[in-house]
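**Student:** sequence plus the predicted model coming up.
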Amino acid sequence: MSDNLPEVQAAIEAAMARLDAGLGMAMNLISLQLQRDAVANASEARHSPKEPRYPTKGPNRVTGNLVNNIRPVLAIRKGFGTYQGGVESGAVYSRQLEEGGGKWKQGVKYPYLLPARDQLLLSGRVNQILTTSILSALRG
């Protein structure tokens, strides 16, 4: 009787490596989708600064600085199957828009990131991306 333990261990390690790579790809796809949704949320309003703001339509968009600075943070591996990713904005005032404060009136805020995250989770797209990426990676 032959011992095939080395071959079994090698196959398991290869499957683990494919799974790990698939999870990294999934995190990148989730970050890209989150970016697209956040940009869409921040792009809803497009009117001149002289026109009144509409509370459900977001902030005035004149230069496009906020939208142009919303970028995905691609996957950073933290350990086996553990990745961190997301979205960031380089616009100085992006946090004030999201959470209120700064030069805006008390209580005025235009969230665009948190609603994008919540919609991504509630829609089931995260599960779809994970499932597709994992299955694709395991098939090789």
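**Tutor:** Looks like it came in fine. Numbering: from 1, shown residues only.
**Student:** OK, contacts around the nearest residue to Met25 once chain neighbours are set aside?
**Tutor:** Nearest non-adjacent residue to Met25, counting by CB to CB, 6 or more residues apart in numbering: Ser133, 4.9 Å away. Yep, even glycine has a C-beta here, placed from its N, CA and C like the rest. Residues in contact with Ser133 (CB atoms under 8 Å, 6 or more residues apart in numbering) are Gly22, Leu23, Met25, Ala26, Leu29.
**Student:** so where do the helices sit in the protein?
**Tutor:** Residue ranges of the helices in the chain, as given by DSSP state H, are 5-42, 65-68, 94-99, 113-122, 125-139.
**Student:** pLDDT weak spots in the protein?
**Tutor:** Across the chain, the ranges flagged by pLDDT under 70 are 1, 44-62, 104.
**Student:** so what are the sheet partners of the lengthiest strand in the chain and their directions?
**Tutor:** Looking across the chain with DSSP state E, the single longest strand is strand 70-79. Here strand 70-79 has these sheet partners by DSSP bridges: strand 82-89 (antiparallel).
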